[in-house]
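Visitor: predicted model and sequence below, questions to follow.
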Number of protein chains: 2
Amino acid sequence: MKASLEQLQTFAAAARCGSFSAAARHLGKAQSAVSEAVQNLELDCGVSLFERSGRYPILTAAGRALLEEAEALLRRHAALLERAHALAAGVEPRLTLAIDAALPIAPFLATLGRFEAVFPHVQLELLSPTLGDVAELVRTGRAELGLMFEQEDYPQGLHFRGIGHLGLVAVAGAQHPLAALERVDVRQIAEQRQLLLTPRQPQSSRKRIVFSQPRWELESQAALLELVRAGLGWALLPQVLVEEDLRLGRLRRLELDFQPAQIIEGVDLLWTAARPLGPAGEWLLRALPSAAGADAAV
Amino acid sequence: MKASLEQLQTFAAAARCGSFSAAARHLGKAQSAVSEAVQNLELDCGVSLFERSGRYPILTAAGRALLEEAEALLRRHAALLERAHALAAGVEPRLTLAIDAALPIAPFLATLGRFEAVFPHVQLELLSPTLGDVAELVRTGRAELGLMFEQEDYPQGLHFRGIGHLGLVAVAGAQHPLAALERVDVRQIAEQRQLLLTPRQPQSSRKRIVFSQPRWELESQAALLELVRAGLGWALLPQVLVEEDLRLGRLRRLELDFQPAQIIEGVDLLWTAARPLGPAGEWLLRALPSAAGADAAV
DNA sequence: AGAATCCATCGGCCAGACCGATAGGTCATC
DNA sequence: GATGACCTATCGGTCTGGCCGATGGATTCT
């Protein structure tokens, strides 16, 4: 192959150092090696890279152009080696994190930003499954880590750790019949359509909080919010998610006289016991709880 | 150096072809060479890239990650060689084009777009000097090509070619005293301040069209236009440049009873005779006249 | 079981990279 | 202009590392 990395590195060193001899000293090679490498590179490229008339060689215009290219290539190569070493040290090439669609992701963004700084090469995949699907994704290995509302029990082979709590409030659109009531009792709410998240896999074991008989089920939290805003039903949603809508008056909070004002649900972090987590996974395992503790807890 | 280009190319070929033997056939090498190259690469990186249990090797997760890096590196390397070959063929690494600041550049944008497609590696520099500075820049070699209003004579060693014409109109701001007049005669205009472009080098030989005694001189066409809009004087400007302002009523056109409605000025393309143009310069030399002929001529 | 692939390994070969020495050029200084 | 300090180009010798061809073991298909 023409224009090998060694040649290009030698060329770049010569251009940087200002002389072949200095480059040779810098690279720990003989001066003749530098001279020959540059000549071979010039032969391969068909252009002369240095003007050699004077005491020191000076870059030609073509040399300047190729120096840019060469340094870009060398930087790319250094990045490759860096990534290889990270992989050799056991860092996962990619990591999948499944976050329950009902959970707001804002509290975790700062942590993910720090993750990006510590593990720039790890390709992060973020899934937003609904309800018990989280546990299923972690159990099958499709995701390394999961975040979801706590359950009483989990399938075999899953580790979990509580990392915080989230306040849920019952809300309805401003024009919704329930929105006009001072307080709502069990019978009143039972007649109105409740909007719920639904898992993709119907056998999912997740308990759901159900107060009403007529129900629509959606897989997307965003779609659900749209329907609530449109007055098509009421829903239990995270406090932090609807704060803005409540303030703007688009949504009204329902005061349920058979429940505390906020329904507090725990949030669990899941990971599999089958395969050990790599360094990136371990890092997230430690970092996510503190993030949730600071921001997501009520 | 670890992880040479040959190793990476061989690795990429093996990953693409699906087997070491196929890669060897594809590369025209022996199968053992591929096998050894991949092993050496694995040794250098400290990770195993292929799962070799079955009949065909399959990429590991780390292998997939490094394959991406390797292919990015190889693409960069191919780009380097391509650029090197362009340089070897004499294509300029960079090209400077000086366009008189008084000329509208819109007619040339399509040509520059095609230039970008034909010579992606040529770094283009666009200068906007005023008046005779264009010829000076081309003469001294600071610019390879120049575009400016035609002169009677040019300095020694400059080639030139007329490429079109441009219509100039006299304009003033809507509140300017001259704007109220039906027709303007020589005496009237002589008393009002004329705004002119001025060259950076005062000895510049460029003829200028001067009608008024009080004058302000500016180097920037954009600044000049602002001053005219603000009613600080009148100016001779390209028709195409002020069309928008005339339509919006920000500027008024002055009907000079001692001049035709439009003053037609020729536009010349300049280049130096001292050093031959490279392929990119030659291409522009051919392409620019047709662009001007189609769009800039009145 | 046999044929057809595939991969890993080994010994031998050789191009190419490297070194050290040498010759010749340039530049600042005396 | 002689000198010294620096630079580069070239040459012959050495040796590493990539390559080949052959061989053997493994897998898959018939």
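Guide: That came through fine.
Visitor: in the longest helix along chain A, which residues are buried?
Guide: In chain A, taking DSSP state H as the definition, the longest helix is helix A:61-88. By 16 or more other CB atoms under 10 Å in any protein chain shown, the buried positions in helix A:61-88 come out as A:62-63, A:65-67, A:69-71, A:73-74, A:76-77, A:80, A:83-84, A:86-87. Glycine gets a C-beta too; all of them are placed from N, C-alpha and C.
Visitor: any idea whether the closest residue to DNA strand D within the stretch 151-298 of chain A is helix, strand or coil?
Guide: Per CB to the nearest atom of the strand, residue A:275 is where the stretch 151-298 of chain A lies closest to DNA strand D, at 23.2 Å. At residue A:275 the chain is in coil, as set by DSSP: H, G, I helix; E, B strand; the rest coil.
Visitor: what is the burial count for the nearest residue to it once chain neighbours are set aside?
Guide: Closest residue to residue A:275 apart from its sequence neighbours, by CB to CB, 6 or more residues apart in numbering or on different chains: residue A:141 at 6.8 Å. As a burial measure, residue A:141 scores 11 neighbours (other CB atoms under 10 Å in any protein chain shown).
Visitor: now residue A:141: how far from DNA strand C?
Guide: Using CB to the nearest atom of the strand, to the nearest Å, we find residue A:141 at a distance of 26 Å from DNA strand C.
Visitor: hmm, residue A:274 and that residue touching each other?
Guide: Yes - applying CB atoms under 8 Å, one finds residue A:141 in contact with residue A:274, separated by 7.0 Å.
Visitor: check which helix or strand residue A:101 maps to.
Guide: Per DSSP states H and E, residue A:101 falls between elements, in no helix or strand.
Visitor: the spatially closest residue to residue A:262 that is not a sequence neighbour: what secondary structure?
Guide: With sequence-adjacent residues excluded and distances taken as CB to CB, 6+ apart, residue A:262 is closest to residue A:167, at 4.0 Å. Secondary structure, three-state DSSP: residue A:167 is strand.
Visitor: could you give the bridge partners of residue A:167?
Guide: Beta-bridge pairing of residue A:167 under DSSP bridges involves residue A:264.
Visitor: elements contacting the one helix or strand residue A:196 maps to?
Guide: Assigned by DSSP H and E, residue A:196 falls within strand A:194-197. Counting contacts by 3 or more CB pairs under 8 Å, 6 or more residues apart in numbering or on different chains; DSSP states H and E, strand A:194-197 packs against strand A:215-218, helix A:221-229, strand A:234-238.
Visitor: now it - C-alpha only, PDB.
Guide: The C-alpha trace of strand A:194-197 is given here as PDB (Å, rounded to 0.1, in the frame of the first residue of the first chain):
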ATOM      1  CA  GLN A 194     -58.600   6.600  31.900                       C
ATOM      2  CA  LEU A 195     -55.600   6.800  29.600                       C
ATOM      3  CA  LEU A 196     -52.900   4.200  30.300                       C
ATOM      4  CA  LEU A 197     -49.600   3.100  29.000                       C
END
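Visitor: can you tell me what sits against it?
Guide: Contact with strand A:194-197 is made by A:101-102, A:130-131, A:208, A:210-212, A:214-219, A:221, A:224, A:227-228, A:232-235, as judged by CB atoms under 8 Å, 6 or more residues apart in numbering or on different chains.
Visitor: next: stretch A:58-77.
Guide: Outside stretch A:58-77, the residues that touch it by CB under 8 Å, 6+ apart are A:5, A:8-9, A:11-12, A:15, A:45, A:47-51, B:3, B:69, B:72-73, B:76-77, B:79-80, B:83-84, B:87, B:92-94, B:121, B:123.
Visitor: what residues does chain A have near DNA strand D?
Guide: Applying CB under 7 Å from any atom of the strand, we find that chain A lies next to DNA strand D at A:14, A:19-22, A:31-32, A:35-36, A:38-39, A:50, A:52, A:55-57.
Visitor: now the buried members of the residues you listed.
Guide: A:14, A:20, A:22, A:35, A:38, A:50, A:57.
Visitor: ok, back up a step: test my guess that the residue nearest to residue A:262 contacts residue A:260.
Guide: No - using CB under 8 Å, residue A:167 is not in contact with residue A:260, being 9.8 Å away.
Visitor: could you check how far the one residue in the stretch 151-298 of chain A that gets nearest to chain B is from residue B:28?
Guide: Nearest residue of the stretch 151-298 of chain A to chain B (CB to the nearest CB) works out as residue A:278 at 10.2 Å. According to CB to CB, to the nearest Å, residue A:278 stands 39 Å off from residue B:28.
Visitor: what about these two, which has more around it?
Guide: Neighbours per residue, other CB under 10 Å: of residue A:278 and residue B:28, the larger number sits with residue A:278, 19 against 7.
Visitor: wait, doesn't the more buried one sit right on residue A:94?
Guide: No - the criterion here is CB under 8 Å, and residue A:278 misses it with residue A:94 at 10.1 Å.
Visitor: how about the residues of chain A that lie near DNA strand C?
Guide: Proximity of chain A to DNA strand C (CB under 7 Å from any atom of the strand) is limited to residues A:4, A:6, A:10, A:24, A:28-33, A:36-37, A:40, A:53-55.
Visitor: let's see that with 10 Å instead.
Guide: Counting by CB under 10 Å from any atom of the strand, the residues of chain A lying close to DNA strand C are A:1-2, A:4, A:6-7, A:9-10, A:24, A:27-37, A:39-41, A:43-44, A:52-56.
Visitor: narrow those residues to those in helices?
Guide: A:6-7, A:9-10, A:24, A:27, A:31-37, A:39-41, A:43-44.
Visitor: residues in contact with the residue nearest to residue A:262?
Guide: The contact partners of residue A:167, taken as CB under 8 Å, 6+ apart, are A:238, A:239, A:240, A:262, A:263, A:264, A:265, A:298.
Visitor: can you select the buried ones among those residues for me in PyMOL?
Guide: Buried residues among these (16+ other CB under 10 Å), as a PyMOL selection:
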select buried, chain A and resi 238+239+240+265
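Visitor: the contacts of residue A:167 into JSON lines, with extra columns for pLDDT and distance to residue A:158?
Guide: Output for these, formatted as JSON lines (pLDDT from 0 to 100; distance: CB to CB, whole Å):
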{"residue": "A:238", "pLDDT": "89", "distance to residue A:158": "23"}
{"residue": "A:239", "pLDDT": "88", "distance to residue A:158": "28"}
{"residue": "A:240", "pLDDT": "84", "distance to residue A:158": "27"}
{"residue": "A:262", "pLDDT": "80", "distance to residue A:158": "28"}
{"residue": "A:263", "pLDDT": "85", "distance to residue A:158": "25"}
{"residue": "A:264", "pLDDT": "87", "distance to residue A:158": "23"}
{"residue": "A:265", "pLDDT": "84", "distance to residue A:158": "19"}
{"residue": "A:298", "pLDDT": "37", "distance to residue A:158": "25"}
